[in-house]
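# Give me a model of this one.
(one chain, ligands or ions: 3)
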Amino acid sequence: MNFFKILNCGFTRQTPNPQTHQSNSKSHPNLIKRCAASTHDTIRIPLELVLSGKSNKFLGFTLEERQRLGIHGLMPACIRSDDEQMLAIESNFFSFSENVARYRYLRALRQSYEKLYFKFVAQNVKLVLPIIYTPTVGVACTVYGMLYRGVTGIHITKHDRGHMKQVLLNWPNRSRTQAICVTDGERILGLGDLGANGMGIAVGKMELYTALAGIPPSRLMPVCLDVGTNNKSLHEDPLYIGLRDERLKGDEYVSFVDEFMETVVETFGNQTLIHFEDFATPNAFMFLSRYQKCYCHFNDDIQGTAAVGLGGLLGIQRITKKALGEHVILFAGAGSAVMGILYLLKKELVSRGLTQDEAAKNIYIYDQSGLLTKNSKKIQENLSIYAKDMKPIKSLEKLVDKVKPSILIGATSAAGLFTEKIIRSMAANHERPGIFAFSNPTSKSECTAEQAYQFSDGKAIFSAGSPFPPVEFNGKRLTPGQANNCFAFPGIVLGTMTVLAEQMPNEVFLLAAHELSKIPTEEDLQGGRIYPPVESANEVALKIGVEVAKYLIENGLAKRALDPDEVHDHIAKNSYALEYGSALAETWSYPKMKPNPSTAALHKELQKKK
Ligand SMILES: NC(=O)C1=CN([C@@H]2O[C@H](COP(=O)(O)OP(=O)(O)OC[C@H]3O[C@@H](n4cnc5c(N)ncnc54)[C@H](O)[C@@H]3O)[C@@H](O)[C@H]2O)C=CC1
Ligand SMILES: CC(=O)C(=O)O
Ligand SMILES: [Mg+2]
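Numbers count the residues shown, from 1 in each chain. Ligands and ions are numbered 1, 2, ... in the order given. Got it, this is the predicted structure:
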């Protein structure tokens with residue numbers, strides 16, 4: 001590393017006049033006296049480092065820092081406290097009425113003032129999550145090329161085969177990288193194939209690692225594998241940021257992802273956590289089983305969602321006082337989310353002593369071709385146990401009338417699938433019907449909170465993947481829960497990274513589901529809410545993180561020698577600091593840049609052509 005020395009170059013700075021220098025800081029007059037009394041050494045740090053997004057304190061630089069770092073005069077006299085900085089950000093945030101404009105403002109904020117950004121997010125989770133996460137991030141991904149403002153993660157294209165390592169090493173935080181969130185952009189929320197625009201999701205997920213689980217952003221690398229897109233409108237969009245080719249498929253695609261995985265561990269080590277996000281369902285399952293036990297990886301749409309789904313079901317059990325195995329559960333959609341929940345639910349029921357068949361008996365699956373029956377075409381192997389010996393039923397309304405589910409779970413991206421008739425029928429048959437509309441963003445939700453409460457006469461225990469505001473019904477305030485994997489993955493990742501595990505067994509997702517289900521208070525449950533309020537998502541992450549870390553230690557899967565009793569303190573000690581330290585104590589370093597062979601090769605080609 002190249003360290004810059006503090007140079008005493010004998011250069012005496014002009015000291016500002018304490019009478020005229022404006023400041024809000026109480027200690028400021030003393031500081032000016034101190035400054036005036038001494039001859040300053042100037043720390044010769046390149047301006048672009050001092051004012052880079054990682055280090056820039058905005059108007060929070062003290063007078064001494066401004067003078068010694070050679071930035072005095074580059075900003076006005078005011079020295080803002082942290083609270084004043086937050087006020088400025090909040091005022092700017094509210095000055096934009098459109099959510100996408102707020103998203104764009106927050107992107108700029110992160111790039112220019114990273115620590116202020118994370119402090120603002122962590123202090124305003126309820127306000128900011130719907131912007132940097134679902135639903136707004138989904139909308140932003142559809143116009144990501146227009147919003148693009150520069151480096152947010154690593155883009156690896158199909159042309160980078162053979163030298164992915166050099167591409168990964170171009171990441172400024174390469175020496176600290178410990179976790180990667182990777183997408184190929186094929187199933188971005190319920191919005192379909194968004195190609196390289198999917199980077200917005202990888203960035204958003206990793207920002208929650210920091211804001212909710214305190215994992216330093218310097219350890220995180222969002223990655224987009226640009227293998228093309230089959231979305232024709234992106235090929236024609238002049239602002240699209242990715243390759244305008246059809247997607248790689250078959251062996252070529254699989255070996256591309258294989259090379260990526262091998263390169264990651266070769267570059268950053270075996271314990272690098274790799275989070276798969278928003279891959280198309282068949283690929284998501286294929287990679288999950290292909291890399292089982294080879295890498296420390298998980299698929300959030302399958303496993304993270306499973307933890308949150310089961311956590312919610314356990315919450316319904318707490319409200320209804322009826323064992324999960326006695327509920328009739330109807331799943332709509334048989335994709336990553338539903339199959340993940342099914343897997344974990346069965347694991348839970350079998351652990352309670354039910355046989356596999358008993359566990360499957362009260363579970364019904366409905367997809368685009370109707371109810372899954374023994375006569376359905378092409379039944380997936382892992383779903384065959386749920387196929388019913390019944391006549392085909394094509395309509396969801398008729399199916400609900402017939403099987404009378406006490407719990408209905410949708411992850412279909414089919415907006416409005418849960419009709420008035422369906423919700424009324426559930427409420428007619430059950431005192432507290434459970435309704436989950438997992439699909440994201442809000443525009444894809446199977447029903448709204450208002451519909452769920454209104455059509456069920458306020459009886460529904462309603463949760464949705466995207467946030468819905470509380471609803472007033474018959475003088476009662478009904479608050480929906482947010483059934484989103486953001487209540488699982490930050491904690492699971494935190495626990496895994498804390499102990500440097502090299503594997504993420506299914507048990508940690510089961511454990512997370514149980515931890516999550518214990519968190520809602522009796523009051524939350526009385527109000528029909530089975531998930532904690534989103535503003536306590538950081539407490540949830542910590543609780544899950546501690547339990548996951550302990551589990552991994554106790555089961556011999558931890559590489560870090562840590563006693564289970566030390567986990568909590570270790571996490572607290574290593575958590576990302578939301579407060580600035582002294583800029584004078586910073587370890588300033590230049591990133592060492594290696595030429596990227598793909599760029600070098602490209603230049604050579606261009607030279608040849610000339
Ligand atoms: N809340 C959360 O934490 C999560 C939410 N999701 C959301 O769930 C949705 C689905 O995600 P995946 O399971 O990965 O997608 P997927 O596309 O693999 O699965 C969707 C399934 O729904 C079926 N489907 C579509 N329209 C239908 C209809 N009208 N009736 C019945 N079935 C229908 C499809 O055939 C498919 O099997 C997306 O909107 C996604 O954003 C996904 C993961 C986590
Ligand atoms: C929340 C999430 O991961 C999804 O909708 O895909
Ligand atoms: Mg997802």
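# okay, CA-based contacts and neighbour counts for the rest of this
Fine.
# On the pLDDT front, check the closest residue to ligand 2 within the stretch 251-400 of the chain for me.
Proximity of the stretch 251-400 of the chain to ligand 2 (CA to the nearest ligand atom) peaks at residue 301, 5.1 Å away. Looking at residue 301, its pLDDT is 98.
# Show me which residues of this structure sit near ligand 2.
189, 278, 301, 440, 484, 485 (CA under 6 Å from any ligand atom).
# Farthest pair within those?
Comparing all pairs in the residues of the chain next to ligand 2 by CA to CA, the longest separation belongs to 278 and 484, at 13.8 Å.
# How about stretch 396-407, which residues are buried there?
396, 397, 399, 400, 404, 405, 406, 407 (16 or more other CA atoms under 10 Å).
# quick one: secondary structure of residue 225?
Here residue 225 is recorded as strand under DSSP: H, G, I helix; E, B strand; the rest coil.
# OK, contacts around it?
By CA atoms under 8 Å, 6 or more residues apart in numbering, the contact list for residue 225 reads 155, 156, 157, 158, 182, 183, 184, 185, 196.
# next one: residue 185
By CA under 8 Å, 6+ apart, the residues touching residue 185 are 193, 194, 195, 196, 197, 198, 199, 224, 225, 226, 278, 279.
# Could you pick out which of these are located in helices?
residue 199 (DSSP state H).
# near ligand 3, which of the contacts of residue 185 show up?
When contact is defined as CA under 5 Å from the ion, these meet ligand 3 at residue 278.
# I'd like the contacts of residue 185 as a markdown table, with pLDDT and distance to ligand 1 appended.
Listed next are those as a markdown table, based on pLDDT from 0 to 100; distance: CA to the nearest ligand atom, whole Å:
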| residue | pLDDT | distance to ligand 1 |
| --- | --- | --- |
| 193 | 98 | 11 |
| 194 | 98 | 13 |
| 195 | 98 | 15 |
| 196 | 98 | 17 |
| 197 | 98 | 15 |
| 198 | 98 | 13 |
| 199 | 98 | 15 |
| 224 | 98 | 18 |
| 225 | 98 | 18 |
| 226 | 98 | 19 |
| 278 | 98 | 7 |
| 279 | 98 | 8 |
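# Quick one: name the residues of the protein near ligand 3.
278, 301.
# so where is the stretch 451-600 of the chain shaky, pLDDT-wise?
Counting by pLDDT under 70, the stretch 451-600 of the chain contains low-confidence ranges at 588-600.
# related to what we said a few turns ago, would you check that the residue of the stretch 251-400 of the chain closest to ligand 2 makes contact with residue 283?
No: between residue 301 and residue 283 there is no contact under CA atoms under 8 Å: 11.9 Å.
# These two - which one has more neighbours?
residue 301 (27 against 15; other CA atoms under 10 Å).
# all helices in the stretch 1-150 of the chain, in order from the N-terminus.
28-37, 47-50, 63-68, 82-95, 99-112, 114-123, 125-132, 136-142, 144-147 (DSSP state H, counting those that start in this stretch).
# Show me what the fifth one is packed against.
With contacts taken as 3 or more CA pairs under 8 Å, 6 or more residues apart in numbering; DSSP states H and E, helix 99-112 sits against helix 82-95, helix 114-123, helix 125-132, helix 136-142.
# Could you check the angle the third one makes with helix 99-112?
Orientation note: helix 125-132 sits at an angle of 100 degrees relative to helix 99-112 (axes from the mean of the first three to the mean of the last three CA atoms, to 10 degrees).
# now swap in the longest one and tell me
Helix 82-95 and helix 99-112 are oriented at 150 degrees to each other (the same axes, to 10 degrees).
# Now tell me what touches helix 82-95 from outside.
Outside helix 82-95, the residues that touch it by CA under 8 Å, 6+ apart are 59, 60, 102, 105, 106, 116, 120, 579.
# pretty sure residue 330 belongs to a strand, no?
Yes: using three-state DSSP, the assignment for residue 330 is a strand.
# Report pLDDT for residue 420.
Value for residue 420, per-residue pLDDT: 98.
# any idea how far residue 142 is from the residue of the stretch 251-400 of the chain closest to ligand 2?
20 Å (CA to CA, to the nearest Å).
# Confirm that residue 180 sits in a strand.
Yes: the assignment for residue 180 is a strand, going by three-state DSSP.
# That one bridge partners, please.
Note on residue 180: beta-bridge partners residue 221, residue 274, judged by DSSP bridges.
# all helices for the stretch 351-500 of the chain, in order.
In the stretch 351-500 of the chain, the helices defined using DSSP H, counting those that start in this stretch lie at 356-361, 396-403, 420-429, 449-455, 489-498.
# pull the CA atoms of the first one into CSV?
Output for helix 356-361, consisting of C-alpha atoms alone and laid out as CSV, is shown next (Å, rounded to 0.1, in the frame of the first residue of the first chain):
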residue,chain,number,x,y,z
GLN,A,356,-43.8,-36.3,4.7
ASP,A,357,-47.2,-37.3,3.5
GLU,A,358,-48.9,-36.0,6.6
ALA,A,359,-47.0,-32.7,6.2
ALA,A,360,-48.2,-32.4,2.6
LYS,A,361,-51.8,-33.4,3.1
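# Report all helices and strands that it contacts.
Taking 3+ CA pairs under 8 Å, 6+ apart as the contact cut, helix 356-361 packs with helix 336-351.
# now check the helix it packs on, is it near ligand 1?
Yes: applying CA under 6 Å from any ligand atom, one finds that helix 336-351 is in contact with ligand 1 at 336, 337, 338.
# What count of nearby residues applies to residue 157?
Neighbour count of residue 157, defined by other CA under 10 Å: 19.
# Who are the contact partners of the residue lying closest to it once chain neighbours are set aside?
Closest residue in space to residue 157, ignoring its immediate chain neighbours: residue 226 at 4.5 Å, by CA to CA, 6 or more residues apart in numbering. By CA under 8 Å, 6+ apart, the contact set of residue 226 is 155, 156, 157, 158, 184, 185, 195, 196, 242, 243.
# which pair in those residues spans the largest distance?
158 and 185 (13.8 Å).
# one step back: buried members of the residues of helix 336-351 next to ligand 1 into PyMOL, please.
This is how PyMOL selects the buried members of the residues of helix 336-351 next to ligand 1, with burial counted by 16+ other CA under 10 Å:
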select buried, resi 336+337+338
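# mind putting the residues of helix 336-351 next to ligand 1 in TSV, pLDDT included?
Shown next, in TSV, are those (pLDDT from 0 to 100):
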residue	pLDDT
336	98
337	98
338	98
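# now, among the residues of helix 336-351 next to ligand 1, which is nearest to residue 134?
For these, the nearest to residue 134 is residue 337 (15.7 Å; CA to CA).
# quick one: contacts for the closest residue to that closest one other than its chain neighbours?
In this structure, residue 337 finds its nearest non-sequential neighbour in residue 302, 5.1 Å apart by CA to CA, 6+ apart. Applying CA under 8 Å, 6+ apart to residue 302 gives the contacts 284, 336, 337, 338, 339, 340, 341.
# same thing with residue 401?
422, 425.
# What strand or helix carries the residue sitting nearest the centre point of the chain?
Nearest to the geometric centre of the chain sits residue 205, at 2.0 Å (CA atoms, centre = their mean). Counting by DSSP states H and E, the secondary-structure element that holds residue 205 is helix 199-213.
# how big is the angle separating that helix from helix 114-123?
Using the same axes, to 10 degrees: helix 199-213 against helix 114-123 is 70 degrees.
# elements contacting helix 199-213?
So helix 199-213, by 3+ CA pairs under 8 Å, 6+ apart, packs with helix 114-123, helix 136-142, strand 179-183, strand 220-226, helix 489-498, helix 537-554.
# now for the ones you listed, which one comes closest to residue 322?
helix 537-554 (25.1 Å).
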